[in-house]
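Trainee: need a structure here:
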Amino acid sequence: MQTATLAHVARLAAVSENTVSRVIRNKGPIAEETRRRVLAAIEQLGYLPNRAAGALASSSSLIIGVLLPSLSNIVFPEVLRGIHAGLADTLYQPMIGVTDYDLDQEQRLLASLLAWQPAAIITTGFEHTQASRRMLANARVRVAELMDIDARPIDVAVGLSHRSAGVATARHLVSRGYRRIGYVGHDWTADRRAALRYEGLCQGLQEAGLSLVAEQRFDGPSSTLAGRDTLARLVEGDASVDAVAFSNDDMAVGGFMHCLAAGIAVPGRLALFGFNGLEIGQVLPKPLATIRSNRFLIGRVAVEKLLESGERSAEPQVIDTGFEIVAGATA
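Mentor: Reported below is the predicted structural model:
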C-alpha cells in the first residue's frame with residue numbers, strides 16, 4: 001500500500017499543498033470549511049505528518065512543552081485536562097515533564113524540551129533558575145506561566161492572584177464573626193503561591209485591625225496527614241483560636257479529621273477554611289469552606305492564548321481566571 005503524502009491530502013481536499021501544511025501547523029488564517037476538508041482528508045488517508053521535517057522547515061514543531069510540578073497533586077492533572085481540551089481541535093501535542101518542585105530539574109527538562117524546537121512552553125509559576133529564565137526569555141517560542149499573576153511574566157501569565165485570595169480568606173472569616181484566627185500551612189520553599197496567600201491573609205486581617213493569634217507550619221509538602229498533625233499542635237498551643245486558615249484543602253481535610261478524632265465541634269468550636277476547592281473537601285461530613293481556583297480554565301485559556309499568534313506581544317500579558325469563595329459548612 002502506498003504511503004499517503006502531503007500531495008495526496010491536498011488532492012483529496014482540493015487545496016494546495018501549502019494550505020495543507022498551514023492547517024497541520026495551525027499557521028495563518030484558514031477558512032473553517034477548508035480546515036474541515038483537510039482534516040477529513042488526513043483522517044481518511046491515514047496521513048502522518050513528518051514532524052521532524054516540519055520542524056526543520058519552519059524552525060518549530062507541533063510540540064507544546066508542558067512543565068508541571070506534580071501529577072500526584074490533583075490540582076495539576078486538572079490543569080493538564082484544560083491543556084488537552086485547548087489542544088483537542090489542533091494537531092499540536094503536549095510533551096510533559098514533571099519537576100517535583102525542583103527548579104534545577106525544571107532547568108534540565110526545559111533545556112531538553114527546547115532542543116525539540118517546540119511551538120510553545122507552558123510552565124508553572126514565576127520561580128525559575130537564572131539559566132531557565134534566560135532560556136525562556138531568549139527562546140523564539142511563546143511562553144505561558146500558569147497559576148499565578150502576582151509578578152511580571154516573560155510572555156503570558158494565566159491564573160489568579162494568590163495574595164488576593166489570602167485577603168479574601170481573611171475578609172470572609174472576619175465577616176463571619178471570627179476574631180482569633182490561626183494559620184496552618186506547609187513548607188513554602190517550593191511553594192511561593194502558598195506564601196503569597198499567607199501574606200494576603202495577614203494583610204486582610206490587618207485591614208480589620210487583627211493579626212494571626214497562632215500559626216504552625218509543617219516542615220515538608222502538604223498532605224492530609226500533615227494537616228491533621230499540624231492542627232493538633234496549633235490547638236494544643238493555643239486553645240482560644242476560633243478559626244484556622246489552611247494553606248490548602250489537603251491540609252484542611254487533615255485538620256477536619258483531627259477535629260473528628262478529638263471531639264472538636266466544627267464550626268461551633270473551631271472554624272476551618274482551605275484553598276483550592278477540591279472535591280475531597282466537599283464530600284466531608286461538613287463540606288469544607290474554601291476558595292475554588294479555576295484550574296481547568298487556566299490550562300485551556302493558556303493554550304488558546306499561545307496558539308493565537310506565533311509571536312509574543314510587545315508587552316507581557318496577564319490573564320486573570322479568578323477564584324470564588326465556597327461557603328461550605330466549616331466556617
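
Trainee: does the spatially most central residue of the chain count as helix, strand or coil?
Mentor: For the chain, the residue sitting closest to the mean C-alpha position, by C-alpha atoms, centre = their mean, is residue 147 at 4.2 Å. Of the three states, residue 147 takes strand under DSSP: H, G, I helix; E, B strand; the rest coil.

Trainee: And residue 237, how close does it get to residue 193?
Mentor: 26 Å (C-beta to C-beta, to the nearest Å). Heads up, the C-betas are built off the backbone N, CA and C, glycines and all.

Trainee: and the nearest residue in space to the residue nearest to the centre of the chain that is not next to it in sequence, what are its bridge partners?
Mentor: Counting by C-beta to C-beta, 6 or more residues apart in numbering, residue 147 lies nearest to residue 159, which is 4.3 Å off, once chain neighbours are set aside. Beta-bridge partners recorded for residue 159 (DSSP bridges): residue 147, residue 320.

Trainee: residues touching residue 159, list them.
Mentor: Residue 159 is in contact with 146-149, 293, 298, 319-321, counting by C-beta atoms under 8 Å, 6 or more residues apart in numbering.

Trainee: Surely residue 69 touches residue 96?
Mentor: No: the criterion here is C-beta atoms under 8 Å, and residue 69 misses it with residue 96 at 11.8 Å.

Trainee: Same drill for these two, tell me which one is more crowded.
Mentor: Neighbours were counted for residue 69 and for residue 96 using other C-beta atoms under 10 Å; residue 69 has more, 22 against 16.

Trainee: Can you get me a residue count around residue 211?
Mentor: Residue 211 has 9 neighbouring residues, counting by other C-beta under 10 Å.

Trainee: where exactly do the helices run in the stretch 151-300 of the chain?
Mentor: 162-175, 192-207, 224-237, 249-262, 279-282, 295-308 (DSSP state H, counting those that start in this stretch).

Trainee: Please enumerate residues in contact with the shortest one?
Mentor: To tie it back to what came earlier, the one meant is helix 279-282. For helix 279-282, the surrounding residues in contact (C-beta under 8 Å, 6+ apart) are 74, 249, 252-253, 274, 287-288, 290, 326, 328.

Trainee: please redo it, this time with the cut-off set to 6 Å
Mentor: With C-beta atoms under 6 Å, 6 or more residues apart in numbering as the test, helix 279-282 has contacts from 249, 253, 274, 288, 290.

Trainee: In contact with the fourth one: list those residues for me.
Mentor: Residue 288 sits next to 252, 274, 281, 328, 330 when contact means C-beta under 6 Å, 6+ apart.

Trainee: And the furthest pair within those residues?
Mentor: The span of the contacts of residue 288, defined through C-beta to C-beta, is set by 252 and 328 at 9.9 Å.

Trainee: Distance check, residue 268 against residue 286.
Mentor: Taken as C-beta to C-beta, the span from residue 268 to residue 286 is 11 Å.

Trainee: for residue 167, same thing?
Mentor: 25 Å.

Trainee: These two: who's more crowded?
Mentor: Using other C-beta under 10 Å, the more surrounded residue of residue 167 and residue 286 is residue 167, with 21 against 16.

Trainee: doesn't residue 206 make contact with that one?
Mentor: No: using C-beta atoms under 6 Å, residue 167 makes no contact with residue 206, being 9.8 Å away.

Trainee: Now do residue 230: how many residues are near it, please.
Mentor: By the criterion of other C-beta under 10 Å, residue 230 has 27 neighbours.

Trainee: Same question for residue 94.
Mentor: 18.

Trainee: A strand includes it, no?
Mentor: Yes: in this structure, residue 94 lies within a strand as judged by three-state DSSP.

Trainee: got the contact list for it?
Mentor: 64, 66, 83.

Trainee: again, 7 Å this time
Mentor: 64, 66, 83, 87 (C-beta atoms under 7 Å, 6 or more residues apart in numbering).

Trainee: From those, which land in strands?
Mentor: 64, 66 (DSSP state E).

Trainee: just the contacts of residue 94 now: which is nearest residue 110?
Mentor: Taking these together and measuring to residue 110 by C-beta to C-beta, the closest member is residue 66, at 11.0 Å.

Trainee: so the closest one touches residue 83, yeah?
Mentor: Yes: with contact defined as C-beta atoms under 7 Å, residue 66 reaches residue 83; the gap is 6.1 Å.
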